[in-house]
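[1] starting from these lines, generate the structure:
(chains A and B)
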Amino acid sequence: MKKTLLYILSLLLLLPAVACSDWFDAPSDGETIPDHKYFNDENAFYNALVGVYTQLRDADLYGENLTLGMLEYMGQNMVPGDDETRSMSEYDYASSAVQARISTILREMYRNITSCNRVIDEIETTDVVFYNTGQKEIITGELYALRAALHFDLVRLFHPAYSVNASFVGLSYETTFGTSVGAPLTTTEILDLIIHDMTYAATLLQKYDPVVTGKGSYIASPGEIDSRTRTFYLNYYAVTALLARIYMYKGDYTNAYIYADETFKHIRNLATNAQIFYYVSPGKYISDFCFSREHIWGIASLPDGFTALSDTLFSSRKIRVRADVAAIYPDVNDTRFREWFTRQSDASYTLQHKFGASTLLTDYVTNTSGTATDLPARIPVIKMGEVALIAAESLNEQNNPTEAAEWLIEMQSSKRNSIVTEMKTAGQLTVENIREAIRDEYHREFFGEGQLFYYHKRMNDKTISSCVGEEITMTADKYTFPIPTTTYKEETE
Amino acid sequence: MKIISAHKTWIAIGLFVCAYTFSFAQNSLQVPPSDTIPTYTNVSDDRVLSGEELRKVSIGNLWSAIVALEPSLLSGMEALYGDMPGMTPSGIVQGTQAWSIEGVAQSFLLLVDGTEVSDYQFSCLNINDVEQVIVYKSPASLSRLGIDGGCGAIEVILREPEKGKLRINYLFDAQFQSADKAVRRESSYAGLSGHNWLDEPLRMGFAHRHKLDISGGDDYVRYSFSVEGDPSGQGVMKDDYHKTLGLSNYISYRKKAISISNRLSFYQTKNSASPYGTYDYYRTLSPELIPTGNAGTPLSLLPDGSINPLHEVSTGSFNRDKIHTIQDHLRVEVALPCDLSLDGAFTFIRETARNNQYVSPSSGRYDDVEAGTYTGRYDITRDNQLSFESGLGLTYDKTIKSHHIQALGEVSVYSNKVYDETYGGVGISTDRMAHISFTKSYNIEEAAVAHRYYNRDISGRLSASYSYADRYGASAGVSFEKSSLLASESRRAIFYSVGAYWNIHKEAFMHDVAFDRLTLSFTRGTSGGVGFDDNAYTVTYDTNVGNEYIYNYYLIGSSIVMMPNNRLRHYTVTRNNVSLAAQYRGVSLSLLGYAHRTTDMSVINPLPLATGYPHTFDNGGELTNRGVELSVGADLLPRDRVWSLYSYMSLAHNRNCITELPLYFANLYNTTLADNYAGVVSDYKTPCFLQEGHSVTELYRRDEAGTLIAIGSTSPKIQGNWGISAAYKQWQMNVVTTFSAGAVAFNPDATSPADTELSSKDNRFTLRTVQISYTFAPWKISRLQLLASGENLARYTSSVYGLGRLYPCARTFTLSLRLQL
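    Model prediction:
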């Protein structure tokens, strides 16, 4: 009797040790949702993806630091107005303010990368059925592409240029979510991983992405992929455009051209009314002064975000753009010069309109009551102009200046700029002339977007002209953000 | 039939197991019988307060009586809530055992007859139903509670009906309360003449409580039925009330080896906050502000533009609660052969609270708002709780000559679900339409919210004790549990306790010394607590409502809240107690020294930047609590048969100290607190920075260099009580006082740690109770007792910020009748 009871008690006492784990997995619901409850339908995956895009427009990343707030000063496009921006334009990485921004950029980029990794983990193992055709492939493709794109911008910032030192060991390529991090890799290794993810993303997106077939008359319901808004996301052509950028960064002109050319199939293969991105014609962009129709991928913003930052800088504080801006646009008909810049009383210029409150994007969306809604300025990440320049540079560096010139002419014509056209007429299409024309267009095309700094770095320019017209001697150290000491080791105090 | 016959033993066992019973109170130590004279002779360090002792301190407020008698208990409610009716118990025992970083409450566990209850359910208990209250401080008792025992525990053991013919008891209390103006904080405009705002919302509060008990029984069946209520429940603020209704029934059956009992109870309270608002607001009103116009009617706003409380009262706005709870406790005890006994219990508790708040469209806060817009609002909150608890224990108890052995094995299962929702509507046409259905739309300024929380736990315990000749004893126990509150990779927890005691008075060398008892004991044990919620160890998503990706488009993203740590552990409190209990003739003494150490508390540790997050939750830090407690009781007239006079005193000193504080966590915590200082204060919380070498409850000021300078702790260095009980024939008199010293009070008007005035010394003395009673048996009444009691008749605090900030302190006068037929 005693033994029997003791056996029963022993079994019961083992209960805590063997009790079903699922019964204890009872996390709370409230303002936040645990992940295993959250990913219960296809909309959740889409919302998680959109959450990553929303974080990218924060001031820590593309909403300020990687554009108007820091990289534009480092690209010498904007004249500093305080000590902090002065430190940026002087590449003073010892400045605590600059160090803080650099640490924030690195951390927030990795936050978005790990957010992508978390959703990738879920979507590749989920039992959820996606009722919308192609939705799963599109979401998965965008996640892989985002992960690769963000790693690429980290490499462009924190590693020396590929042409300077491709064996530099700096950052890691993160593919998991958690407190453990990967080992630092060389530039070559990271770029290979980036290209692998981008290529995989392109494979997933190509079959189902509506950007390939163009804008349809079907108005998507909430939760569906909407063809009208595909350029707000990393769509198939954005992936091919980024691959062109990556291969150009590596100096691989052949592949750079292939992907640049692939990107322009959108406007070659589709009728005008089906195109989602295209060169804007003068008079046709209405109030869209950022020329958003040329963005292959741009990040959406809110009126109190990027637009408000632009207005604060250029309308309120009257921050000036570089002193030689007028000389950058010798063709006074250039719509970029006419629409983006406002002349001040001292003959200097501000970038008041490109991203300011006067910029309105039309015909992208209707609100829930069916009324068309105008959107504030968008933050461009990659545009047709850059892809055209990549194609032109690729051809030119392979000794084909004539064909390269056609890319430039098409691009300039949309801006009422006839410089290369005149060069062609004058029979002056040489490799050197086209090279200079490309450089000039890099100066003209990317005000406020942060891309000029990357161009100087990629070209390993030994000297650049400062925002006030002085010559700056550039080194690999100036072009490369120092990797914070706490990147792979937590803070000790 | 053959099958049944062959397995009859197993079937019988199964039937017994199915009728499972649980006993938390089983331990090897004897609980002394309740008596009119307090006895402090427990071998265990737990403090046992008998029902009689408690009723001598308060006629109607159980929590107040416990706090008065147990000096290691710090309630901390008085300064803010004064004597607000219906306050629920909270506080700390023997110092703060762990810091909190997520706002997760670190309070003691409340139990009734071994079952975990909420603070509301505890506050529903009638002091007249209490057999005894145990304040658990012994490491052995607390290790049994596992992750719920880290901050201590308080258990109420309810009375059971006694054998005898049918008895009818009627209890009546008529309570009068008046605000204690001596301890309230002065008006900001003291010295000016005009309207007396501080007295405006006050009144003489009246409550009448009734309780009818019917009980009786024999050797087999015992029963009791009880109904009680307070239909008025007025406090000292005008137009507030706290009305109660309670029904309970107890029945037990005992035959031979089996005892089955069941207690079913229902409690309901209806509360209404005073429409006059919070008392502290009146301190900020200048006497020169006249609230009425020339016609004598209240102005919608005072001349300086602030809210006029008299106008608000006239609009019909209200804030009302209705709370009820249903509880059922089933208990089965089976005496088995071979010195074994089996105890089992099952408990079901359901609690529902409903809060309705109405702000009339005529309120002065809408004075500037255009007519026809969304004035008036109605907010609803619903809180629900459903819990099940069951347990089974097997005890072996054997005495062989001078050796006594006891062993216990028990297992329990607990499941609790808490769910709530809050939503509101705005736009009410007239102040007669005070209902949610008459609002025009949802209140978009405050989003509707709903929550669900789960607490699921399975625990087991093995313990054994041995004593020799009632002279030496030793005990040991181990508890293990699995809980849903713990992180997914660290769900299991193990705790232990060991102890030994020596009854010195039983030694031969003590025979000539007339000690009734002299016992030295030592106990060491661990218990734990959970200082985080599941966001800390689970990946959670937050929806970016109001931050849509594309402007004015319906698409909203979701993002991960923070980097979780699924290996997060519970914190552990290691307790070491040494106690000496002595009784010499009519004098009893109990001395307890303790040293607690809390480790593995929730902290925040930095992460490498490449994780994408700056930090995550982790375990670390160390906190110690050291203290001494002394209780002395003396029968001053041991030989007198007509008079009895008993005096008692208890003191408690606690020193709390942070002995290890991770630097990153400290910097982050203190910086966040400094940045949100004014917000923390406006939430009626005390902003206490964390610094190594100081208490968790230390106050600091910041000097010009930014250094934090300690200015004192909000917890007193010493607390205690002194009381005297006298009896002469049918007369009884009790006087109880309480005191504390060494604390500082925080300036509730401070907005920054750099403010010049942040604290005031806070030494207190309270004439807690004066009670006189006369008991007699007139006519055919078995017993009639008349009582007159005054509670909190005199209060003193050295703090310039006074007591009773949101609700005044009150003096309470009660006339009571206890009738037994």
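
[2] correct me, but residue A:247 touches residue A:241?
    No. With contacts counted by Cβ atoms under 8 Å, residue A:247 stays clear of residue A:241, the gap being 11.0 Å. Just so you know, the C-beta spots here come from the backbone N, C-alpha and C atoms, and that holds for glycine as well.

[3] give me the more crowded residue out of those two.
    For residue A:247 versus residue A:241, neighbours defined as other Cβ atoms under 10 Å in any protein chain shown are more numerous around residue A:241 (28 against 22).

[4] before we move on, what SS does that one have?
    Going by DSSP: H, G, I helix; E, B strand; the rest coil, the secondary structure assigned to residue A:241 is helix.

[5] next one: residue A:136
    Relying on three-state DSSP, one would call residue A:136 helix.

[6] which residue sits closest to it in space, ignoring its chain neighbours?
    Residue nearest to residue A:136 in three dimensions, not counting chain neighbours: residue A:130, with 4.2 Å by Cβ to Cβ, 6 or more residues apart in numbering or on different chains.

[7] wait, that neighbour touches residue A:138, no?
    No. Using Cβ under 8 Å, residue A:130 is not in contact with residue A:138, being 9.7 Å away.

[8] where does the chain have low pLDDT?
    Just so you know, I chose chain A. A:1-20, A:222, A:367-368, A:492-493 (pLDDT under 70).

[9] switch to chain B, please.
    B:1-44, B:102-105, B:371-372, B:431, B:781.

[10] please identify the helix or strand for the residue in the stretch 151-300 of chain A positioned nearest to chain B.
    Residue of the stretch 151-300 of chain A nearest chain B, by Cβ to the nearest Cβ: residue A:181 (4.2 Å). Under DSSP states H and E, no helix or strand contains residue A:181.

[11] grab the nearest non-local neighbour of it.
    Closest residue to residue A:181 apart from its sequence neighbours, by Cβ to Cβ, 6+ apart: residue B:610 at 4.2 Å.

[12] who touches residue 466 in this structure?
    In the absence of a named chain, this looks at chain A. For residue A:466, the contact set (Cβ atoms under 8 Å, 6 or more residues apart in numbering or on different chains) comprises A:76, A:89, A:322, A:472.

[13] wrong one, I was asking about chain B
    For residue B:466, counting by Cβ under 8 Å, 6+ apart, the contacting residues are B:403-406, B:473-475.

[14] same question for residue B:214.
    B:166-169, B:224-226.

[15] nearest to chain A among the residues you listed?
    Chain A has its nearest neighbour among the contacts of residue B:214 in residue B:224, at 32.6 Å by Cβ to the nearest Cβ.

[16] what's near enough to touch the closest one?
    With Cβ under 8 Å, 6+ apart, residue B:224 has these contacts: B:160-161, B:213-216, B:248-251.

[17] and residue B:746, how far is that from residue B:614?
    30 Å (Cβ to Cβ, to the nearest Å).

[18] before we move on, what about residue A:169?
    With distances taken as Cβ to Cβ, residue A:169 is found 24 Å from residue B:614.

[19] who has more neighbours, these two?
    residue B:614 (21 against 15).

[20] spatially nearest residue to residue A:133 (excluding sequence neighbours)?
    The shortest distance from residue A:133 to any non-neighbouring residue, by Cβ to Cβ, 6+ apart, is to residue A:208 (6.9 Å).
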